[in-house]
Structures are given as C-alpha cells and as structure tokens.
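[1] Here is my input, please return the structure:
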Amino acid sequence: GTAPTIELQQQQWDSALLGNSRKVWIYTTGGANPAQRPLAIMLDGQFWAHSMPIAGPLQQLTDAGSLPPAVYLFIDIIDREHRSRELPCNAQFWQAIQQELLPQVAQSTPYRQQADSTIVAGQSFGGLASVFAALHWPETFGNALSLSGSFWWPERGNPHGWLLQALDNGLAPRQPLRFWLEAGKREGLILQANQQLQQQLSAAGYQVNYLPVEGGHDALCWRGGLLNGLQALWSKPEHPCPNP
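    Purely as a prediction, here's the structure:
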C-alpha cells in the first residue's frame, strides 16, 4: 500500500517584535484530546519540513507507540543572515516566540502548555538556541534537544563559549530541566564544548543525556539523534527516583 500523504499546515508568522515575517509549519500526529498533546519546537524548521522531511518518521513512531501524539512546530530561518543573528543566544527571538508565535499556534492547534512536556530541538546554532531557551525560560521550555550544538559561540577558537561562561557565573534556574545532547566525535571544537556543557549541566543538578556519536557535522546523524531524543525526553517516568 502507498503511504498516506503527509500534510504540514503552513502558516505565516509576522513578528512585530522582530520586524520580519517567515513561514512556519505545524504537524500533528493525532491525539484524542488536543489539549494533552505535547509541543516540540523544531529550529531550522525548513530543514526538517523539506530538506530532510521528518514528519513521516514522526507519524510512524507515534503509530508504533514510541512517541505520544504531539504537535510539532517547524520555524523557518528566513535566510542565513537571520539565522546567524536569531539562533545564537538571542533573547528577543525567544520573547517573540513566546508572545507572538505560540499564542498563534495554540489558536489553530491546541497543545499541552506545560514546560515539563515542551521540547525545543535544533542542530548547530539551533542546538545552542535550544539550551539557551531552556535555561532562560524554564517556565515555558522544560526540555532541550541539541544536535552538534555550537556551544563555542561566539569565538570559533575557544570551546568555552558565552553560554558556558553564563553557567560558570550562576545561570542555573531551579526548575527540573532535561537535556539531550549529541555531538559527533569528529567535530573537534563542538565536541569539546559539548563535553564541557554536559559537565556543567550535570553539576547544576539537571538530567542530561550526552551522546558522542560516530560522525561529524552530519544531517543523517541529526535525523537519528532527533528521533531518539524526542523518544527519550517524552518517555520520562512520572516520578523519577532521586539520584542517591
């Protein structure tokens, strides 16, 4: 039999705060009670919507019971120039998402508005942005999924980047954040920065899954990592045992 056609719902997000407009795509994988569906925000949305379409695998994993029925929000980068300005540690970008985009999405596609089930996912600068969002707005984003996150930013020669320095200086909200970090063993600077981040987040008491994977800065690694990370972050036990 032929696979059912995967329909992404496209919307326009006109941001007053950012002074720009872009496409976003929404994909839902079913769910009897719309208000119970968790939300996953995909940065570099055009990549996961079109270049490496992820909706089919998401639906298959949901049908198999490996993922809960959920709402996936794919956010376009507009272009590389916007991406390099909006994704690395940009508070205004996340304020605009929370004040403008998420209310717009909730109107058309209700979802469970709880931090503990909301995931932000991204690769490279998007991975950096995901962890930045969780650490700065833990009341909205309780889970960050980072693939080859650029935690060296802003200085390519130094793995100990701005966000790692912020953690050194006490940026560690009290909420129970959860992180999934993946980096390629051939990624040099990115691998070093991810190892440092994992140590800092663990030391701050957060739940961290850290996986160095065979590979480099590679879209195929990211696809597997994204699907694995979503399953891990959403399969959490309701009452995890505290670490002894």
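[2] From now on I want contacts and neighbour counts done on CA atoms only, so please keep to that.
    Fine.
[3] tell me which residues of stretch 69-87 are tucked away?
    Residues of stretch 69-87 classed as buried by neighbour count (16 or more other C-alpha atoms under 10 Å): Pro69, Ala70, Val71, Tyr72, Leu73, Phe74, Ile75, Asp76, Ile77, Arg83, Glu86, Leu87.
[4] just checking, what packs against the longest strand along the chain?
    In terms of residue count, the longest strand belonging to the chain (DSSP state E) is strand 20-28. Identification of packing neighbours for strand 20-28 by 3 or more C-alpha pairs under 8 Å, 6 or more residues apart in numbering; DSSP states H and E yields strand 9-15, strand 71-75.
[5] List the neighbouring strands of it plus their orientation.
    The partner list of strand 20-28 in its sheet, established with DSSP bridges, is strand 9-15 (antiparallel), strand 71-75 (antiparallel).
[6] would a markdown table of those strands with mean pLDDT and distance to Gln60 be doable?
    Formatted as a markdown table, the strands paired with strand 20-28 follow (pLDDT from 0 to 100; distance: least, C-alpha to C-alpha, whole Å):
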| stretch | mean pLDDT | distance to Gln60 |
| --- | --- | --- |
| strand 9-15 | 98 | 18 |
| strand 71-75 | 98 | 14 |
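[7] how about TSV for those strands, with distance to Ala183 added?
    Conversion of these to TSV gives the following (distance: least, C-alpha to C-alpha, whole Å):
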stretch	distance to Ala183
strand 9-15	31
strand 71-75	22
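[8] Between these, which one is closest to Phe179.
    Distances from Phe179 to each of these were compared using C-alpha to C-alpha; the minimum, 18.1 Å, belongs to strand 71-75.
[9] what about Thr62, neighbour count?
    By the measure other C-alpha atoms under 10 Å, the count of residues near Thr62 is 18.
[10] ditto for Ala166
    Ala166 is surrounded by 11 other residues when neighbours are defined as other C-alpha under 10 Å.
[11] how far does the helix or strand hosting Ile41 sit from the chain's center?
    Counting by DSSP states H and E, the secondary-structure element that holds Ile41 is strand 39-42. Centre-to-centre, strand 39-42 and its host chain are 6 Å apart (C-alpha atoms, centre = their mean, to the nearest Å).
[12] Parallel or antiparallel, list what pairs with it.
    Sheet partners by DSSP bridges: for strand 39-42, these are strand 71-75 (parallel), strand 119-123 (parallel).
[13] before we move on, the earlier item: the helices and strands packed on strand 20-28: which one's closest to Asn209?
    The minimum distance between Asn209 and the helices and strands packed on strand 20-28 falls on strand 71-75, with 21.6 Å, by C-alpha to C-alpha.
[14] Please state the offset of that closest one from the chain centre?
    Averaging C-alpha positions (C-alpha atoms, centre = their mean) puts strand 71-75 10 Å from its chain's average.
[15] Bridged to the residue nearest the centre of the chain, which residues?
    The structure's the chain has its C-alpha centroid closest to Ala121; by C-alpha atoms, centre = their mean the separation is 1.4 Å. Beta-bridge partners recorded for Ala121 (DSSP bridges): Met42, Leu145.
[16] wait, what's in contact with it?
    Contacts here follow C-alpha atoms under 8 Å, 6 or more residues apart in numbering; on that basis Ala121 touches Ala40, Ile41, Met42, Leu43, Gly127, Ser130, Ala144, Leu145, Ser146, Leu147, Leu226.
[17] Roughly how far does it sit from Leu220?
    When C-alpha to C-alpha, to the nearest Å is applied, the distance between Ala121 and Leu220 equals 15 Å.
[18] Please, where are all the helices along this structure?
    In chain order, the chain shows helices spanning 45-46, 55-63, 80-86, 91-96, 102-108, 125-136, 162-168, 189-203, 219-234, with DSSP state H as the criterion.
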